[in-house]
Each structure stands twice: as C-alpha cells, then as structure tokens.
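1. sharing a model prediction with you, sequence too.
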Amino acid sequence: MIQKDETKELAWVARIAVEDKDIPEFQDKINQKLDYYTVIADAPTDGVKKTVNPSRLNTVLRKDVVVPSMKVEDALKNAPDVYETSFKIPKIL
Amino acid sequence: MTKDIASFKAAGDKAVAESLEKIKKDDSGIFIAACGDAKAAGSGPLSGIPIAVSDNISTKDVETTCGSKILKGYVPPFSGKAVDDLTNAGAVIVGKTNMVEFGILGAVSTKGPVKNPLDNTRKGGPSGSAAAVAAGIVPAAVCSDVGGLLRVSASFCGTAAFKPSYGAVSRFGLIYYTGSLDQIGVTATTVSDVVTVMDVLSGNDNRDTTSLPDKMVYSGGKPLSGCKIGIPEEFLEGVSADVMKTFDEAVATFEKLGATCKKFSMNTAKYMQPVHDIIAAGESSAMLAKYDGTRFGPRAEADNWHEMIAKTRALFGPVVERRIMLGIHLLMAGQYNDYYMKSMQTRTLIIEEFESVFKEYDLLISPTAKDVAPELGGACGAGCDQEFSSYSTAIAGVDLAGLPAATVPCGFVGKLPAGLQIIGGYLKDADVIAAAEAFEKAADVKSPEAK
C-alpha cells in the first residue's frame, strides 16, 4: 500500500500537477487497486515465460531502406511553440 | 431505428448528407465532431456509404481528441490506415464518435456520457460507435476495442460487433493507450455488414509491427451443426438474472442449430481482470507520456519545462491521472516483479489455457456484459476507477489472448438489449463470424417495440 508522501512523489514522477487536497483520494483509489491485484499472487508462474503481446508472430527485421517520412512542417503544425525547425520549450534549468 | 448498408445505398446521394445533418443535430453525446461531405464519396464496395470512426483514430485535417482535454485542437497531419482503407473503398467518414477519455473504462469524455438511443436515461456504452448505428445515423462504425470499448457498447445498444484476432487490422494512426490489448473492430446492424467493413479494413501494413502477414478471410467458417461450444462457468459469475435468462435462451438456440454446449471451469479466469488491469495501467503510463505540451495539444503557461509538463498533464481527467500514476508505481523496481512481470507471466498461462480449451471446443460463449445498459449518472457517472470489473471477465480474457470475438443481440430486458459474446481460437475469425451469422438468423432477436 502507498502512503500520502509516496502518492505525492508518484504525481511528481508522472509529471502531473495534483492539488494537495486531492492527494488522499488519489492515495485511497490507487490502494484499492493494489489491494484488488493481490489475487494474482498465487498464480503458478515459476519458470513461466512472459508474454509481451499476444501476437504469435516471430519478429522479422525488414531491410534497412530509407523511405519518405513526415515533412518537418507537418510535424511542427500542432506544436504550441516552434523555433525554426525545432519545438520550442521553456527553460529546463 | 437501425438501417443497414443496403438501405443507405438505396438512399443514393442523400445518404451522406442525411447522416451529416443528424450528426450536427446530435444532442445525445454520440459524436464529438462531424466531418466530410458527400462529394468525397469514391467508388468501391462502400461507395457513398457514411461511416463513423472513434475519436482515437486519426483523421487528416480533422480534430482528433480521444475524448480528452489534453488533445484539444490536435489536427493529425495524416490519417490512420483504417480511415484510408474506408475512403479508398468509397466510404465517407462523416463523424468522430464519442469515447471515454483515451478509451479507459470508467474515465469521462469531454463530451460527457453517450445516451442510449433505445432509452435516453441509460448509457450507450463507453463509446458512441454502437449508439451511432442504433440511432440509424450510420450503417457501421469503426472503433478500437480494449476492455469492451466496442463490444460492451454494442451489447448496450443492440448492434452486432466484431473484434478480430490481434494483428488482423493495422493500428497505424490509432491513438491507443495499451498497445498489447487494443484492436480495431467494427459495429453494424447485422453481422453481414460487419464483415463487409472488416473485409475492407483487414490486411498487412508494414507501419504496424504487429500486423499479420496475410489478409484475414472471414468467409468459410465452420458450420454450427456438430460444433462443440464451451461455456466457462467463471464467465457467468455476477451476471444479472435477466441477462442470464437471455443467455440461456441463446444456448437453446445453438443446440437447436446442432451444436453441443457444455459448461466447464477455467483455472486462470480469476486472474484475467486483474492481469488486464495491471498490464493496461503499466502500458498507459508509458503510452500517455507523450502528452506533455511539447509537440501537440494545449500547453500550460509555466516558468520552466518541468512545471509546464506537470500543469499541462493536469488536463487529463482524474481517472486517467490515477491510471498513469498507478502504472508508474507498478513499473518501479520495488513492485515490478510482483505486479507487472507476474502479470506478463500469468498472461502466458491464460493464453496456454485458452489454447488447451480450443483443442476441446470450437467456440466459447458468454454474455457480453454482466447487465444491460446502466443508468446515466449512477455509480460511475462522474468517473470510476473500477468500472471495468463491472463488465465481464470474458472481455478481459479475449483481449489478453488476442482472440477474435463477436457480440450479437440475444434478447431484451424490457426495452434494453443484452449481448451474446462468441469467442474463437486465435486466427479462427471465420468460425466466429459463421456462428454469429447463423445465431443472428436463427434467434431473430427483435425489440419489444419492433414485434
């Protein structure tokens, strides 16, 4: 189960601004889920391989050939702010 | 109220214009936006047919929001493969159907809930796709399906729907939140119309690494006579008495058609919903990470980059925010082995048990949802973290194993329909379609008003 300070930390790691007043509700609902998940603890998984997706395909690499990709102007069209051919953001530090 | 593809074809040039008119007047939360015009109709098997797509399928030059504030104003510079396939077949995309935020069951759309065309005091499901068909606005709608986004909506609105085997339809341009579970499917008035659209959508696409190499064939499935149908008892747990009655009648119909139906128990059934939930949470924390106000969507004002991202991501609804935070927690070093790795291994056990079951049975059946459409508002009216578990264990199992599944109406509880889910083995899509068509014809389910 997660504590209140861990919930705040989780919000920061997720980069989601959660107001302090909402933290107890977030903590409670996340803990309800964690409690619900305890049912899988008894699944007999020793030595069982993981399944990443249900495709039964073997991965086949295609030839490394350059093909046309999205135009720069299309890629920038939805950006809130741009500088020449780049996405512009506020200062990081 | 529903109208099939043939009826829309018969309406000729007016079909698209009439659909658009209805979408513009929609006050039931079925659509997020109208788009397209009659002049866009091309030639092909869907020539001049208006089709709706869910708002998480990219449409070039048409706003695509996934029902979320965080994608407000996002106009894709390209269309999804499904959209290109539909327009190349002559169809006109007339609208983007409503959906719970990013397709996460229990989350809330910016457009609010979908009202059910059969009873506007009830929900039309987590997506507006089936409601769009049930209201007679379009003959078919294309929608992604994870957790029953498509199938549960079809069950609530009394339409037919189909989710294919994993990889049958390219997801290029689909904005999914859980890549190992989500697939694109179709809902329509009849199974035959579903197949008409599925035929257009299926096929290999090198832009989707999970795309199957060969086009899926939906004809030539195994006839029901002599068919062995299994009913996992765990798929019936929590089903309401009224829905159970419709399911029992469906079993009788299958037996009249020459199939044998037998109940049995699945050892891994109890793990299906929690494993689905854990995998979906883990994947969503990664797949929704790109919504940070840098490259698309709105951006919150802030002095520095980290604050900008955090404030921008507060545009997610609270259910989605908790899902992302939960996913990050599950993927952290201290929890990873107990939850995420354990779920991926348990998923293997679930797939292996399905493979073993399909050596004995040709098909499995279950109610599509545990109950008929719930009331608007209600327990999950303002968002609900547990809504998924109220639907069906079978829905989760199908998603985890990448199996093909259809839903067809199997009866009515008052004026509300109940759905029957027909599940096939991996790549046995044609068998599911054959059974769904035969059942649909034999059961001839009609609403009390239509009788």
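-> That came in fine, so what should we check first? Residues are numbered from 1 along each chain as shown, chains lettered A, B, ... in the order given.
2. next, count neighbours for A:Glu73.
-> 10 (other Cβ atoms under 10 Å in any protein chain shown). Backbone N, C-alpha and C define where each C-beta goes, glycine included.
3. so for it, what pLDDT did the model give?
-> pLDDT, A:Glu73: 95.
4. for it, what are phi and psi?
-> phi -60, psi -30 (degrees, to the nearest 10).
5. any idea which helix or strand carries the closest residue to chain B within chain A?
-> Chain B sits closest to A:Pro54 of chain A, with a gap of 2.9 Å, by Cβ to the nearest Cβ. Following DSSP states H and E, there is no helix or strand that holds A:Pro54.
6. doesn't B:Gly397 make contact with it?
-> No. Contact criterion Cβ atoms under 8 Å: A:Pro54 and B:Gly397 do not qualify, at 11.0 Å.
7. if we can go back for a sec, now do the contacts for the residue of chain A closest to chain B.
-> B:166, B:180, B:347, B:351, B:400-402, B:426 (Cβ atoms under 8 Å, 6 or more residues apart in numbering or on different chains).
8. mind putting those into a markdown table with neighbour count, secondary structure and pLDDT?
-> Shown next, in a markdown table, are the contacts of A:Pro54 (neighbours: other Cβ atoms under 10 Å in any protein chain shown; DSSP: H, G, I helix; E, B strand; the rest coil; pLDDT from 0 to 100):
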| residue | neighbour count | secondary structure | pLDDT |
| --- | --- | --- | --- |
| B:Tyr166 | 28 | coil | 97 |
| B:Ser180 | 22 | coil | 97 |
| B:Arg347 | 28 | helix | 98 |
| B:Ile351 | 20 | helix | 98 |
| B:Leu400 | 28 | helix | 97 |
| B:Ala401 | 24 | helix | 98 |
| B:Gly402 | 25 | coil | 98 |
| B:Tyr426 | 19 | coil | 98 |
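9. distance to chain A added to the residues you listed, as TSV?
-> TSV is the format used below for these (distance: Cβ to the nearest Cβ, whole Å):
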residue	distance to chain A
B:Tyr166	5
B:Ser180	4
B:Arg347	4
B:Ile351	6
B:Leu400	7
B:Ala401	6
B:Gly402	3
B:Tyr426	7
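10. quick one: pLDDT of the residue nearest in space to the middle of chain A?
-> When Cα atoms, centre = their mean is applied to chain A, the residue found nearest the centroid is A:Ala14 (8.0 Å). You'll see A:Ala14 listed with a pLDDT of 97.
11. how about it, phi and psi?
-> Residue torsions, per degrees, to the nearest 10, at A:Ala14 are phi -80, psi -10.
12. what about the strands in chain A?
-> Using DSSP state E, the strands of chain A run over A:82-83, A:86-87.
13. then chain B?
-> B:31-34, B:50-54, B:92-97, B:115-116, B:119-123, B:140-145, B:160-163, B:183-188, B:228-232, B:260-264, B:363-367, B:405-413, B:416-424.
14. to B:Ala134, which of those lies closest?
-> For the strands of chain B, the distance to B:Ala134 is smallest for strand B:115-116, at 7.6 Å, taking Cβ to Cβ.
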